[in-house]
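Participant: just to be clear, the model below is a prediction. Sequence and coordinates:
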Amino acid sequence: MSTTNVAVDLALRMEAVRKVYRVGDSEIVALDHADLTVAPGEIVALVGPSGSGKTTLCSIAGGILSATSGRVVVGGTDISDFSSKELTAFRQSTVGFVFQSVNLVPFLTARENLLVVDELGRRTGSAARKRADAILGELGIADRANNLPSQLSGGQRQRVAIGRALMNEPRLVLFDEPTSALDTKLGEQVMTVIRNEMKNRGIAAIVVTHDERNTRYCDRTVHIVDGRLEGTSSH
Ligand SMILES: Nc1ncnc2c1ncn2[C@@H]1O[C@H](COP(=O)(O)OP(=O)(O)O)[C@@H](O)[C@H]1O
Ligand SMILES: [Mg+2]
């Protein structure tokens, strides 16, 4: 893995990132000239209409997708030229994802859904279980550790997903529309949990949202239109 000294303090640095999807003979430019930096512990809201490139940006920042061109540096590691195998290892050690559709494993309990991450990572056995239970406790769902996702409310499921994203002590967590499936009140609760967890741990985050009300839980808002990032505002 290569490291660059300049970016070592940043959670994320994207420079001139371009992403082109090829579908048959046509090309879709999903992201163009995207420059974005996220400081350690900073929470950035990413707001834009459907199809503007928000999920693509998160996928590239988290090493799920490779950029067509440009540089992507996460926590000081330049992942721009990583192979898919290197990206997989990088994701497991450095980033967390929380998606709109929660994607919990339906036949595993809340605790087991956190431990799944760990089997791919470094902790094993009782240490992992202890960490999973501590995280579930912080998220206020310790008493739900043995419940299956189907036995949890939408807000509780989203908390399990947040807990899972924290298991590997990431540098950066990418939240892709984490509240869009929740009602207003639950959405606010989940945003509060997100803000508290990130700030207490000093973890940086990008929160994709359609809902301007969610931006007040973030430090800064970046708008995206047609694959281009536009003026940022600090809160
Ligand atoms: N795998 C893909 N193949 C082809 N086009 C895609 C793919 N994923 C996304 N796109 C297109 O790229 C653009 C940006 O998509 P996306 O990043 O999902 O936007 P958002 O998350 O803001 O709704 C859209 O025009 C979408 O149709
Ligand atoms: Mg999307």
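Facilitator: Sure, I can see it. Ligands and ions are numbered 1, 2, ... in the order given.
Participant: phi, psi of the residue nearest to Gln151 when sequence neighbours are not counted?
Facilitator: Nearest non-adjacent residue to Gln151, counting by C-beta to C-beta, 6 or more residues apart in numbering: Arg144, 7.8 Å away. Using the backbone N, CA and C atoms, a C-beta is placed for each residue, glycine as well. Backbone torsions for Arg144, taken as degrees, to the nearest 10, come to phi -110, psi 10.
Participant: next one: Val73
Facilitator: Torsion angles, degrees, to the nearest 10, at Val73: phi -120, psi 120.
Participant: what do you get for Gly51?
Facilitator: Torsion angles, degrees, to the nearest 10, at Gly51: phi 80, psi 10.
Participant: and Leu166, by the same measure?
Facilitator: Main-chain torsions, Leu166, degrees, to the nearest 10: phi -90, psi -10.
Participant: isn't it up against Phe97?
Facilitator: No - in this structure, Leu166 is not within contact of Phe97 by C-beta atoms under 8 Å, at 11.2 Å.
Participant: list residues touching both of these two?
Facilitator: Here Leu166 and Phe97 have Val173 as joint contacts, going by C-beta atoms under 8 Å, 6 or more residues apart in numbering.
Participant: hang on, the earlier thing: quick check, pLDDT for the residue nearest to Gln151.
Facilitator: pLDDT, Arg144: 96.
Participant: likewise for the one 10 residues further on?
Facilitator: Model confidence at Gly154, given as pLDDT, is 88.
Participant: same check on the one 10 residues further on?
Facilitator: The confidence metric pLDDT takes the value 93 at Arg164.
Participant: what is the burial count for it?
Facilitator: Look at Arg164: counted by other C-beta atoms under 10 Å, it has 25 neighbours.
Participant: I'd say it and Val116 touch.
Facilitator: Yes - contact criterion C-beta under 8 Å: Arg164 and Val116 qualify, at 7.4 Å.
Participant: for ligand 2, what are the nearby residues on the chain?
Facilitator: Applying C-beta under 5 Å from the ion, we find that the chain lies next to ligand 2 at Lys54, Thr55.
Participant: how about 6 Å then?
Facilitator: Within the chain, the positions lying close to ligand 2 (C-beta under 6 Å from the ion) are Lys54, Thr55, Asp176.
Participant: in TSV, list those residues along with secondary structure and neighbour count.
Facilitator: Listed next are the residues of the chain next to ligand 2 as TSV, based on DSSP: H, G, I helix; E, B strand; the rest coil; neighbours: other C-beta atoms under 10 Å:
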residue	secondary structure	neighbour count
Lys54	helix	24
Thr55	helix	20
Asp176	strand	21
